[in-house]
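# Next come a sequence and a model predicted from it.
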Amino acid sequence: MDIHKPHASFAESVLKDAATSAEILQNLLPADVAKSIDWKSLKPQDNSFVDESLRNLYSDILFSATGTNGDPLELYLLLEHKSHPDKNIFFQLLGYQ
């Protein structure tokens, strides 16, 4: 765990666990979306959309899964972990896009 950003490192390590992420995401996603995913098939992927030069500042976790209809799915969700309230979070999230 990176001692300089322990909260972010902890959040990332928790979310990389597929079972934990499945439980969290089932409660965060809209019900109709959550019902369409076979959560037992959720697997973290090794890919990243973050530029290599920025990986010391940002991280992402990609998952693949199977839909309840059997179709393959790729999940890319933008979650921002904050260890304190930030009134400018919307501008930060906009910058990520």
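Right, received. Where do you want to start?

# contacting residues for the nearest residue to Leu77 once chain neighbours are set aside?
Closest residue to Leu77 apart from its sequence neighbours, by CB to CB, 6 or more residues apart in numbering: Leu25 at 7.2 Å. Placement of C-beta: from N, CA and C, glycine included. Shown in contact with Leu25 (CB atoms under 8 Å, 6 or more residues apart in numbering): Ala34, Trp39, Leu42, Leu75, Leu77.

# Check Leu15 too.
Ser21, Ile24, Ile61, Leu79.

# My guess is the first one contacts Leu42. True?
Yes. Counting by CB atoms under 8 Å, Ser21 touches Leu42, with 6.6 Å between them.

# all strands of the protein, in order?
Applying DSSP state E to the chain gives strands spanning 37-45, 62-67, 72-75.

# Ranking those by mean neighbour count, which comes first?
Each of these was scored by mean neighbour count; the highest is strand 62-67, a mean of 16, by mean count of other CB atoms under 10 Å.

# Sheet partners, orientation included, of it?
strand 37-45 (antiparallel), strand 72-75 (antiparallel) (DSSP bridges).

# Just send the ones you listed back as CSV, with distance to Asp51 too.
Formatted as CSV, these follow (distance: least, CB to CB, whole Å):
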stretch, distance to Asp51
strand 37-45, 17
strand 72-75, 19
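
# For these, which has the smallest mean pLDDT value?
Out of those, strand 72-75 stands lowest, with a mean of 87 (criterion: mean pLDDT).
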